[in-house]
Structures are given as structure tokens and as C-alpha cells.
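Q: just to be clear, the model below is a prediction. Sequence and coordinates:
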Amino acid sequence: MSFETEVINEGLTEIEVPRVERLRGPGRKSHLPFFNPLMRTNRDVSVFVALTVLSDGDKVLDGLAATGASGLRIALETKGELAVTLNDRNPICHDLITRNIERNRAKGCSVTCEDLNSLLSRGRFDLVDVDPFGTPVRFVESAVRATTDGGVTAITATDTAVLCGSRMKACIRRYSSRPRRTDYCHELGLRILLGYVARAAARFDRGIEPLLCFSADHYFRAIVRVRRGARRADSTLEKLGNLHVHGLGRELIPEKGVAGPLWADAFLDAAFLESVKLPSYFPHKVSKLLELWREEASSPPLFYTTGEVAREFVSEPPALDRIIGALRDEGFIATRTHFRPDAFKTNADVESIGRILRT
């Protein structure tokens with residue numbers, strides 16, 4: 001190669017990557033194949049999703065493969081015989097991916113060097129994984145259309161500042177949705193991304209069923225099952241809504257609000273999450289996240305931080321376990337959330353939260 005490389009081990013895969021200075025955050029654009037070690041959790045999730053939903057003979061597309069890390073891990077760490085296409089239109093990436101396939105003696109893998117939208121317009125895949133630098137909006141329609149009926153589309157967005165309301169005009173321009181900068185803006189941002197995927201699918205008579213959508217580090221991830229048919233599309237659109245705020249209270253309703261449109265239904269599929277079996281070599285961080293997602297799957301939308309309820313009702317933020325336990329003792333649903341370690345979700349109204357905090 002014309003640049004320095006190093007070999008790292010991730011999961012059961014050896015990956016040759018450019019030797020560059022690793023910075024925190026989403027990384028910087030470069031002509032070199034992109035590899036961010038901080039995105040390991042994202043790749044771990046891709047592997048366990050593939051392990052859970054794919055069968056022998058299924059086709060997988062890693063659409064913006066860079067070093068090929070994600071697609072190679074799916075090919076090597078799932079038990080079935082899959083046909084995995086690793087695509088990147090950068091010729092340097094093509095050469096590095098080919099070396100990584102040979103290094104791992106990976107079977108069933110092929111490499112393409114095409115514009116992603118062009119490739120998606122011709123092919124059909126059971127799992128389409130799109131992990132771009134920045135916003136994914138230019139690929140979402142093509143990705144959903146290229147996914148087979150019952151297949152899975154996985155979309156990553158790293159423009160979290162836009163989706164969380166720091167750049168409102170950019171969010172309206174890209175996602176046709178109004179964000180809101182709040183304590184719970186990461187959940188709103190994830191729901192805006194998911195709402196965009198839902199509307200893109202519906203334009204082509206497809207519906208979506210979220211399996212696992214989450215926020216981590218500097219990115220959002222939406223993994224959805226795609227179902228074909230006008231009725232599926234109509235049903236999907238009925239799950240869009242807007243944010244309505246009244247004092248400390250917040251809810252998602254069909255009528256126009258202060259933010260939206262966005263996904264107003266569940267973004268975690270409890271049955272899917274229960275069916276996941278993690279490989280023993282996965283990091284403890286992933287098993288803890290899976291535990292948290294399973295707990296959160298049964299909770300209502302939107303969360304409260306202990307700090308904001310303290311500002312409203314008491315002088316000091318309550319311990320998270322204490323407020324969750326007290327709400328459950330009163331018969332309410334109350335869970336932690338993966339969005340923030342100091343936040344909880346509940347179906348209790350604001351008056352009930354205040355009453356419980358004061359006792």
C-alpha cells in the first residue's frame with residue numbers, strides 16, 4: 001500500500017487499517033480508508049443483528065465498507081453461508097478490502113467499487129448496512145428500496161448536532177423535521193432520523209418495523225425491518241407524530257407541535273432483543289447495553305433527567321434507583337434509559353412525579 005498500515009483484531013477478524021492518529025469523536029475526512037475504533041460497538045451490533053435475522057444464502061451489503069471491517073465481521077462471525085458484498089467507490093479502499101478478505105480467507109465475500117446509489121438501484125439484499133460520514137439522507141431511499149421484503153436496513157447518522165437541534169435549519173433542510181434543543185434532544189434526534197426513514201419507505205409503498213434504534217457516542221443508529229405493501233406504508237405513517245410540551249410535561253401527538261414530524265412509536269422491539277444471543281467473546285459493554293435496551297423496550301416515549309425534576313420539585317437531584325423504585329411502588333412503569341445515565345422513563349404524569357419526590 002502507498003500508506004502505513006497496522007493490523008488490529010476485532011471480534012474474530014484481523015483487519016489491516018491505515019496507521020493514523022486516532023482522535024475522539026466521529027473522525028475526519030481523508031482520502032485513506034476510514035476506520036474508527038470507537039465505532040466497535042456499532043460493528044458488534046451489526047454482527048449480532050446478522051446472527052439473529054439472517055439465514056443460509058442471504059445476501060448482505062456493506063455499502064460504504066472503507067476497510068471492510070463491518071462486512072468482514074458479518075461474514076466471519078455468523079454461522080450461515082452468506083453472500084457478502086463489500087462496496088466502496090474509493091479504489092484505495094477496494095484494494096485494502098481485497099487484502100483483508102485474503103488475510104482472513106473469508107468465504108462468500110465479493111468487492112465492488114461503485115457509487116452506492118447506483119449499486120442499490122440494481123441489487124436486492126436481505127441486509128443493507130449504510131454507515132456514511134455525516135448524514136445518511138442521500139442513501140436512505142435507495143437502501144430501503146434495495147432491501148427484500150422482510151429484510152433489514154441499518155442506517156447510521158453521525159450528524160448528531162443537526163438532529164439534536166444545534167443546527168435547526170440544517171435539520172429542516174435535510175430531514176424535513178424541526179428539532180428541539182432540550183435535555184432529551186438525543187431521543188428526539190433519533191426519532192427524527194427514524195421518522196425520515198419511515199417517510200422515505202412509505203414513498204415507495206414500504207413500511208418499517210424498528211428492531212433496534214439507539215444513540216451511542218457520536219452517532220445514531222436505526223435498524224429496521226422492511227415490509228412491502230401500501231397498507232404497511234400507511235400503517236407506518238400513522239406512527240409519526242410531533243412533540244407537544246406543557247410545562248415540564250411532554251408527549252408525542254399527531255397534531256403539530258414544537259418539534260417534528262418524528263417517529264412517535266416504539267423504537268426497540270422487545271421480542272427481537274430477547275431473541276438475541278451474544279457470542280461469548282463480545283465486550284461486556286455490549287451485554288450491558290443489550291440489558292438496558294431490553295429494559296427500555298417496555299417503557300413509554302421520552303425521558304426525564306433527575307436534574308430537571310429536582311429543579312422543579314426539590315433542591316437536590318434524587319438518586320436514580322430511588323425515584324425509579326418509588327414510581328414502581330406506586331404502580332407506574334419506570335425504567336432507566338440508554339440515552340443518559342441520570343435519566344428515567346415513566347408513564348407517571350408530572351404531578352405524580354412531583355408528589356412522589358416530595359415524600
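A: Perfect, thanks for sending it.
Q: wouldn't L116 be in contact with V128 here?
A: No. Contact between L116 and V128 fails when scored by CB atoms under 8 Å: they sit 9.8 Å apart. (Each C-beta comes from the backbone N, C-alpha and C, glycine too.)
Q: need the overlap of contacts for the two.
A: Common neighbours of L116 and V128 are listed as G63 (criterion: CB atoms under 8 Å, 6 or more residues apart in numbering).
Q: who has more neighbours, these two?
A: Using other CB atoms under 10 Å as the criterion, L116 and V128 rank with V128 on top: 29 against 23.
Q: which residues does that one contact?
A: When contacts are counted by CB under 8 Å, 6+ apart, V128 is found next to 61, 63, 120, 143, 146-147, 151-154.
Q: adding distance to V84 and neighbour count, write these out as CSV.
A: Shown next, in CSV, are the contacts of V128 (distance: CB to CB, whole Å; neighbours: other CB atoms under 10 Å):
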residue, distance to V84, neighbour count
L61, 8, 28
G63, 12, 28
L120, 15, 24
A143, 16, 25
A146, 15, 25
T147, 15, 27
G151, 14, 23
V152, 14, 26
T153, 16, 28
A154, 14, 26
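Q: and the gap between L290 and E238?
A: Distance of L290 to E238, computed by CB to CB, to the nearest Å: 29 Å.
Q: got it, and D349?
A: D349 is 25 Å from E238, by CB to CB.
Q: circling back to that earlier point, and L290 and E238? Which one has more around it.
A: L290 (20 against 12).
Q: what helix or strand is the more buried one on?
A: Applying DSSP states H and E as the criterion places L290 in helix 284-296.
Q: partners of the helix or strand just after that helix, with directions?
A: Where DSSP H and E defines the elements, the next helix or strand beyond helix 284-296 is strand 304-305. Next to strand 304-305 in the sheet, as set by DSSP bridges, lie strand 343-346 (antiparallel).
Q: please save the CA atoms from the strand it pairs with in PDB.
A: Written as PDB, here are the backbone C-alpha positions of strand 343-346 (Å, rounded to 0.1, in the frame of the first residue of the first chain):
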ATOM      1  CA  ALA A 343     -32.500   9.800  33.300                       C
ATOM      2  CA  PHE A 344     -35.600   7.700  33.600                       C
ATOM      3  CA  LYS A 345     -38.700   6.900  31.700                       C
ATOM      4  CA  THR A 346     -42.200   6.600  33.200                       C
END
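Q: beyond that strand, next helix or strand please.
A: For strand 343-346, the following helix or strand on the C-terminal side (DSSP H and E) is helix 350-358.
Q: for that next one, name the packing helices and strands.
A: Secondary-structure packing of helix 350-358 (3 or more CB pairs under 8 Å, 6 or more residues apart in numbering; DSSP states H and E): helix 306-313, helix 320-329.
Q: how far is the longest one from where the chain is centred?
A: Taking the mean C-alpha point of helix 320-329 and that of its whole chain, the gap between them comes to 28 Å (CA atoms, centre = their mean, to the nearest Å).
Q: which residues are in contact with that helix?
A: Identification of contacts with helix 320-329 by CB under 8 Å, 6+ apart yields 306, 309, 333-336, 341-344, 346, 348, 352-353, 356-357, 359.
Q: any of these buried? List them.
A: Buried members of the contacts of helix 320-329, scored by 16 or more other CB atoms under 10 Å, are 306, 309, 334-336, 342-344, 346, 348, 353, 356-357.
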